[in-house]
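K.L.:
Okay, sequence plus prediction incoming.
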Amino acid sequence: MKKILVIGSTNTDFVLEVEEMPRVGETIMSKFFHRLPGGKGANQAYACGMLGGHVSFLSAIGGDGLGSAVMENMRRADVAVSHIRTMEADSTGIAVICVDGAGNNSIVVSPGANLRCDCDYLKEHREIIDACDILLVQLEVPVDGIFYAITYAHKRGKLVILNPAPCPDGIPDEVLQCVDYITPNETELQKLTGCRMDFPDGIQEGAQSLLRRGAGHVVVTLGGKGAMLCSGSGTARFPAWEVPVEDTTAAGDTFNAALAVGLAEGRRIDEVIDFANAASGIAVSRKGAQTSVPSRAEVEKFMSSRGDI
Ligand code: RIB
């Protein structure tokens, strides 16, 4: 099995369950409060481990104890975390997440120590990139460091997956040309390409513009509509699995992790996207970020119960 390296953020999520999102100037009461492990990077690394991947993680945490609690969770999923950077004087990143009655979320992140998951730290750990086969990254840490890691990994023949979340103002073509799979959601695709948001034509045009700029494959995650794959071989659509929506937090992270694990196992891309849709479908039916991520056995049971495998 190929080795996956995830580089990205670590947060503690402060989750507030609300009936409806607060409006500007409004004070509302939350129904429940939870403090949970999160961060897009940590969620993706944890999910790779839970789904059966061989995974290492590079990230930065503060000296406040919150980050080490997230790392404890990582170890439970067999994620290798021995090269995490601990900045004693910094706070671990936090995210304040409101989840409404329909399972939609809005998230504000205070990056804290995530800002120290920077280019210098990644250059110091080039040997960890050398040791992986697949690099999985997002953009909740300084983007120049991530762009450096992408180009370095590509030059060394690694397969690169970029989840462009949160979405930056732009990604240079030289970086896109080093990306084998880019996985925007509809909003991120629109921000990156200026495409129309209508499905499927506008989405397909946006994906094709990323292909023209050099990305190898574009996998657009479409929430309840599933996913769309665009590559040099054409376009394919993959329906979502029907599930009751509890909380969409980390559905995208679970999808990206499952994509990395499926590719690490050398499976066909159509099988991999079905697997990723199933894993993220289970995640939206549960609360929280890492707390919603299913195990490999749960995904396989779910798929076979619905007649896929
Ligand atoms: O993708 C979900 C994650 O986004 C949350 O866990 C939160 O920490 C933010 O980073």
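P.N.:
Thanks, I have the structure now.
K.L.:
where does the chain come near the ligand, residue by residue?
P.N.:
Residues of the chain lying near the ligand by CB under 6 Å from any ligand atom: 9, 11, 13, 38-40, 43, 95, 107, 109, 140, 249-250, 252-253, 289. To be clear about C-beta, it is placed using only N, CA and C from the backbone, and glycine gets the same treatment.
K.L.:
surely L176 meets I182?
P.N.:
Yes. L176 sits in contact with I182 when judged by CB atoms under 8 Å, with a separation of 7.1 Å.
K.L.:
Which residues are in contact with each of the two?
P.N.:
Each of L210, A215 lies in contact with both L176 and I182 under the rule CB atoms under 8 Å, 6 or more residues apart in numbering.
K.L.:
Those two: which is more packed in?
P.N.:
Neighbour totals were compared for L176 and I182, and I182 leads with 27 against 22 (other CB atoms under 10 Å).
K.L.:
roughly how far apart are the more buried one and the ligand?
P.N.:
17 Å (CB to the nearest ligand atom, to the nearest Å).
K.L.:
Could you check which residue of the stretch 201-309 of the chain lies nearest the ligand?
P.N.:
At 3.5 Å from the ligand, A289 is the closest residue in the stretch 201-309 of the chain, using CB to the nearest ligand atom.
K.L.:
what about that residue, how many neighbours?
P.N.:
29.
K.L.:
Please state the offset of stretch 31-43 from the chain centre?
P.N.:
14 Å (CA atoms, centre = their mean, to the nearest Å).
K.L.:
end to end, how far does it reach?
P.N.:
Distance between the two ends of stretch 31-43: 25 Å, counting by CA to CA, to the nearest Å.
K.L.:
how long is stretch 130-141 from one end to the other?
P.N.:
Stretch 130-141: ends 20 Å apart by CA to CA.
K.L.:
quick one: average confidence on that stretch?
P.N.:
Mean pLDDT, stretch 130-141: 98.
K.L.:
Which pLDDT value belongs to S68?
P.N.:
95.
K.L.:
That one sits in which helix or strand?
P.N.:
helix 66-76 (DSSP states H and E).
K.L.:
contact partners of that helix?
P.N.:
By CB under 8 Å, 6+ apart, helix 66-76 touches 10-12, 37-39, 42, 45-46, 49, 57, 61, 81, 84, 86, 91-92, 94, 113, 290.
K.L.:
let's see 10 Å
P.N.:
6, 10-13, 35-39, 42-43, 45-46, 49-50, 55, 57, 59-62, 79-82, 84-87, 90-94, 112-114, 290-291 (CB atoms under 10 Å, 6 or more residues apart in numbering).
K.L.:
Name the residue of this protein that lies nearest to the ligand.
P.N.:
G38 (2.6 Å).
K.L.:
That residue: neighbouring residues, count only.
P.N.:
31.
K.L.:
So it is in contact with N11, correct?
P.N.:
Yes. The criterion here is CB atoms under 10 Å, and G38 meets it with N11 at 4.6 Å.
K.L.:
anything in contact with each of the two?
P.N.:
By CB under 10 Å, 6+ apart, the residues touching both G38 and N11 are V70, G93, I94, A95, I97, I107, V109, A289.
K.L.:
Tell me the pLDDT of the last one.
P.N.:
What the model reports as pLDDT for A289 is 96.
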